[in-house]
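[1] the following block contains a protein sequence and its predicted model.
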Amino acid sequence: CVSGQYLLWRNTHSTSGLGLATFQFFGGASNNSLTNCIIENNTTLASTGVILIGTGTNNNITISGNSIASPSGGTTNNPANGIYSNTATNTAITVASNSISNFATSGVLVSNGASWTIGGAANGDGNSFFQTTTATTTQTAISVGVGTGHTVKFNKIGGSAAGATGTWTNSGAVSVIGIAFSGTAEGTISNNAISNFSLTNTAASGFTGINQTSSGSVTIQTDTIGHASAANSILYAGSGAMIGINTSSVAANTINQNILANLSATGTTTTTTVRGIATASTGACTITQNTVRDITTATTAIASGASGINSKLIGIFLNSSSTASSISKNSVYAFNHR
């Protein structure tokens, strides 16, 4: 356990599909803190998690400094979600400085709620999301589907231990996403580090560092996808797409001062696609001062001469119907075909 975590809470069920959360906040819970605990669960129910923020008006709740994970005893399968919220009136929730690991679907899933802070104002406030064993399921570390005023900052996503050390391995023909904003979610995604992944399945799997498909306005800035210096920080063997930052939105969005580096696609099929930044938004998208570099692909489509929008290796891809979209002051270099 992490220093200072001496209290273990474990709730397991021999039939994991019948399990309930270890902690539940509901019915008007407010001004509560859950701090410095080891919290385990094995429920595979999609509508709950190790920790559930449930029905009612629940607000000003802080979940910090905990280890939130699959059980170390009892029935030991991975839970569906680490933290789950399902109600619009779940507001002003702070999730900071936790380690959240070994989830089958999402580390934090805000299917409803507003004004969540996932991470914090400084590097030490961020959460660590990681996978200690090889996964096979579709996984998203942070998923926000509804609500305004969300902040996702200073989280470390990837690896097999806290701080994104080691390697997060997924061998399924599935999608793996670091951070996703969907539905009507809006807010800020900044200063997050997404690194040390290996997707080993050669079928049509996919990896996206940050995926923004919501109808709300989102600012994506000063995030790192991959690593500034470590080669092959994210390895992708599939025949689908590896994308650092992807947006598809009707709202205006900003992608600013992000680093996308040391991404490597080892799949050799003609369908393997690598894009540093890609947007198909109908809203105005401003892409400025980003660095996209040290991107490697093995796709045979390069040798076959595919080019333009059909190219399988693109630094910044803008396919927007908005004449107000712009790309400026970005650095794109060091692309390799092996």
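    Everything's here; your move.
[2] how is residue 146 assigned, secondary-structure-wise?
    Going by DSSP: H, G, I helix; E, B strand; the rest coil, the secondary structure assigned to residue 146 is coil.
[3] over to residue 230?
    coil.
[4] what's the burial count for residue 229?
    9 (other CB atoms under 10 Å). Just so you know, the C-beta spots here come from the backbone N, C-alpha and C atoms, and that holds for glycine as well.
[5] could I get the pLDDT score of it?
    Residue 229 carries a pLDDT value of 93.
[6] the chain should start at 54 in everything you say after this.
    Got it, first residue is 54 now, which makes that one residue 282.
[7] please name the nearest non-neighbouring residue to it.
    Leaving aside its chain neighbours, residue 282 sits nearest to residue 315 (7.6 Å; criterion: CB to CB, 6 or more residues apart in numbering).
[8] what helix or strand is that neighbour on?
    According to DSSP states H and E, residue 315 maps onto strand 312-318.
[9] list the buried ones in stretch 169-188?
    For stretch 169-188, burial by neighbour count (16 or more other CB atoms under 10 Å) applies to 169-173, 178-185, 188.
[10] nope, stretch 97-115 is what I was after
    97-98, 101-107, 111-112, 114-115.
[11] which of those sit farthest apart?
    97 and 112 (28.5 Å; CB to CB).
[12] quickly name whichever of the buried residues of stretch 97-115 is closest to residue 386.
    Nearest to residue 386 among those is residue 102, at 41.8 Å by CB to CB.
[13] you'd agree that closest one is up against residue 123?
    No - using CB atoms under 8 Å, residue 102 makes no contact with residue 123, being 11.8 Å away.
[14] which neighbours do those two share?
    Listed as contacting both residue 102 and residue 123 by CB atoms under 8 Å, 6 or more residues apart in numbering are 94, 132.
[15] how far is the one helix or strand residue 296 maps to from where the chain is centred?
    When elements are assigned from DSSP H and E, residue 296 belongs to strand 294-300. In this view, strand 294-300 has its centroid 12 Å away from the chain centroid, taken as CA atoms, centre = their mean, to the nearest Å.
[16] who does it pair up with?
    Sheet partners assigned to strand 294-300 using DSSP bridges are listed as strand 259-265 (parallel), strand 326-332 (parallel).
[17] make CSV out of the ones you listed and add mean pLDDT.
    Shown next, in CSV, are the strands paired with strand 294-300 (pLDDT from 0 to 100):
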stretch, mean pLDDT
strand 259-265, 97
strand 326-332, 94
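[18] these into CSV, with extra columns for distance to residue 291 and mean neighbour count?
    As requested, the strands paired with strand 294-300 are exported to CSV (distance: least, CB to CB, whole Å; neighbours: other CB atoms under 10 Å):
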stretch, distance to residue 291, mean neighbour count
strand 259-265, 7, 26
strand 326-332, 10, 26
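[19] contact partners of stretch 209-229?
    55, 152, 179-185, 187-195, 231-232, 245-254, 256-261, 287, 291.
[20] can you show me the CA trace of the strand ranked longest in the chain as PDB?
    In the chain, assigned by DSSP state E, the strand with the most residues is strand 134-149. The C-alpha trace of strand 134-149 is given here as PDB (Å, rounded to 0.1, in the frame of the first residue of the first chain):
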ATOM      1  CA  ASN A 134     -15.400   0.900 -13.100                       C
ATOM      2  CA  GLY A 135     -13.300   2.500 -10.400                       C
ATOM      3  CA  ILE A 136     -15.600   5.500  -9.700                       C
ATOM      4  CA  TYR A 137     -19.000   5.900 -11.300                       C
ATOM      5  CA  SER A 138     -21.600   8.800 -11.300                       C
ATOM      6  CA  ASN A 139     -25.100   8.500 -12.800                       C
ATOM      7  CA  THR A 140     -27.000  11.600 -11.700                       C
ATOM      8  CA  ALA A 141     -27.000  15.200 -13.100                       C
ATOM      9  CA  THR A 142     -27.100  16.700  -9.600                       C
ATOM     10  CA  ASN A 143     -23.800  15.100  -8.600                       C
ATOM     11  CA  THR A 144     -21.700  18.300  -8.700                       C
ATOM     12  CA  ALA A 145     -18.500  19.700  -7.300                       C
ATOM     13  CA  ILE A 146     -16.900  16.300  -6.900                       C
ATOM     14  CA  THR A 147     -13.100  16.200  -6.600                       C
ATOM     15  CA  VAL A 148     -11.100  13.100  -7.400                       C
ATOM     16  CA  ALA A 149      -7.400  13.700  -6.600                       C
END
